[in-house]
Structures are given as structure tokens and as C-alpha cells.
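**Q** mind folding the following:
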Amino acid sequence: MYVTPTKNRTTYRAVLYLTDAFGLPLIENKLLADSFARAGYLTVMPDIFSGDPAPHDITFNSSEFLARHTTNATDPIVATTIGYMRQNLGVKVLAVTGYCFGGRYAFRFGGENRGTDVVFAAHPSLLEDDEVSGVNAPASIAAAEIDQLMLPERRLEIENLLGESLKPFQVSLYSGTRHGFGTRGNISNPEERFGKEEAFFQAVRWFDKWA
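**A** Got it, this is the predicted structure:
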């Protein structure tokens with residue numbers, strides 16, 4: 001678990017940070033968590049892969065990885081972390097942010113009585129219809145223009161489901177970006193850098209409004 005406090009050590013408002021498949025070892029995840037803390041949110045990033053994140057390896061077998069990290073394996077980790085934040089850290093208002101793999105769980109735990117108050121996800125992957133329609137909190141998505149895990153027609157389906165939820169929602173599409181830009185965007189590319197920075201500010205503005 002990676003925990004980064006705010007400057008004044010307040011625990012009233014917090015962000016639960018659910019990582020992409022590269023997990024805690026990815027330095028970009030820690031840097032983003034630190035940025036949320038500087039924005040005024042105690043930030044907690046659990047190890048949702050129990051020490052088994054995806055490697056940076058072109059031979060990586062994603063099917064085997066996903067078979068190990070199912071909802072049955074991941075949900076209890078997220079639920080335990082929420083309990084820890086609420087009960088041990090004294091968090092009163094809990095925002096959840098998720099990236100890629102973690103984006104799905106941001107939505108899962110945005111459902112009724114799941115313990116979070118506001119949801120943000122950047123290029124979420126593997127989202128099921130019932131996870132979108134079941135969200136019971138204001139939800140915001142930062143979407144990539146090029147994303148094999150959320151094709152344009154799927155993005156429109158998700159927008160429609162969010163509209164039917166009758167909760168505040170936002171879907172922002174960033175041109176020139178690819179899946180993963182919210183954490184691993186190439187900052188030497190002006191469009192990707194803009195998208196990465198704006199996706200972070202999108203999350204903070206959403207949390208500031210609804211948290």
C-alpha cells in the first residue's frame with residue numbers, strides 16, 4: 001500500500017487510487033497519487049494485485065494475468081482498503097480514481113452502499129453494462145481517442161448507460177491519445193502530455209465539485 005498525506009495532514013477527504021495493471025511499481029502511479037495529495041486529498045493506493053502486477057515485457061500473457069486477477073480476487077482488496085480508510089484513517093468523504101484495470105473497480109465501488117462518494121476513471125477497461133448502470137455516485141471518464149479496450153461504439157454505449165443512471169456524469173474524449181495516457185502518456189508528445197495533464201485536472205475538478 002502506498003499512502004501520501006496532504007500538506008496539513010487532513011483525512012476528511014481522500015482519494016482511493018486504483019492502479020492500472022502495472023500496479024505499485026509503476027512510478028507514474030506514485031507521482032499521480034502525490035499530485036492528488038497536493039490537491040488536498042489524502043491518497044491511498046492499495047496493492048490490488050497482491051504483489052503480482054503486470055510486467056513490462058512484450059511476452060506478457062494478459063489472458064493469464066486476468067485469469068489470476070478476477071473480481072473475486074480484487075473486490076475484497078478494494079473493500080478492505082475502503083474499510084481501512086473509513087475506520088482507521090477517519091475519512092468522511094471518499095473519492096475513487098481508477099486507471100485502465102483499476103477503472104473498472106472505480107465503477108464497481110461506485111455502486112450503492114459500496115463505500116465511495118464520487119467516481120473518476122481514465123480509459124477504464126473491461127467495464128460491464130451492469131457496473132456502469134449500477135453506479136450510484138457522480139461519475140467522470142477521461143477517454144482515449146485510440147483505445148482497443150474501449151472502441152468508439154462502446155464508449156457511446158457507456159455514455160448512454162450513464163445518462164440513464166440519472167446521476168451527474170461526464171465523459172471527456174482526448175484527441176491524439178491512446179489507452180494508458182492518463183498514467184503513461186508520452187510527455188514528449190504535446191497531445192499526450194496535454195491529455196495526461198487535463199485528465200488529472202478533470203478528476204480534481206470533479207472531486208472538488210462532488211466530494
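
**Q** T11 touches L89, doesn't it?
**A** Yes. Contact status for T11 versus L89: in contact at 5.0 Å, counting by Cβ atoms under 8 Å. Bear in mind the C-beta positions are built from the backbone N, C-alpha and C, glycine included.

**Q** which residues are common contacts for these two?
**A** Counting by Cβ atoms under 8 Å, 6 or more residues apart in numbering, the residues touching both T11 and L89 are L42.

**Q** hmm, who's touching the helix or strand bottoming out on mean pLDDT in the chain?
**A** In the chain, the helix or strand scored least confidently by mean pLDDT, DSSP states H and E is helix 62-68, which has a mean of 90. Helix 62-68 has contacts (Cβ under 8 Å, 6+ apart) with 21, 52, 54, 126.

**Q** could you dump those residues to CSV with secondary structure?
**A** Supplementary listing: these in CSV, determined by DSSP: H, G, I helix; E, B strand; the rest coil:
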residue, secondary structure
A21, coil
D52, coil
A54, coil
L126, coil
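
**Q** list buried residues within those residues.
**A** Neighbour counting with 16 or more other Cβ atoms under 10 Å marks 21, 54 as buried within the contacts of helix 62-68.

**Q** now for the contacts of helix 62-68: which two are most distant?
**A** D52 and L126 (17.4 Å; Cβ to Cβ).

**Q** so the residue positioned nearest the centre of the chain, which of the three states?
**A** Using Cα atoms, centre = their mean, the residue of the chain that lies closest to the mean C-alpha position is G98, 0.8 Å off. Classification of G98 by three-state DSSP places it in strand.

**Q** biggest helix in this structure by residues?
**A** Using DSSP state H to assign secondary structure, the helix with the most residues in the chain is helix 190-210.

**Q** would you mark the buried spots in it?
**A** In terms of neighbour count (16+ other Cβ under 10 Å), helix 190-210 has its buried residues at 191-196, 198-200, 202-204, 206-207, 210.

**Q** stretch 174-185 now?
**A** Across stretch 174-185, burial judged by 16+ other Cβ under 10 Å covers 174, 176-185.
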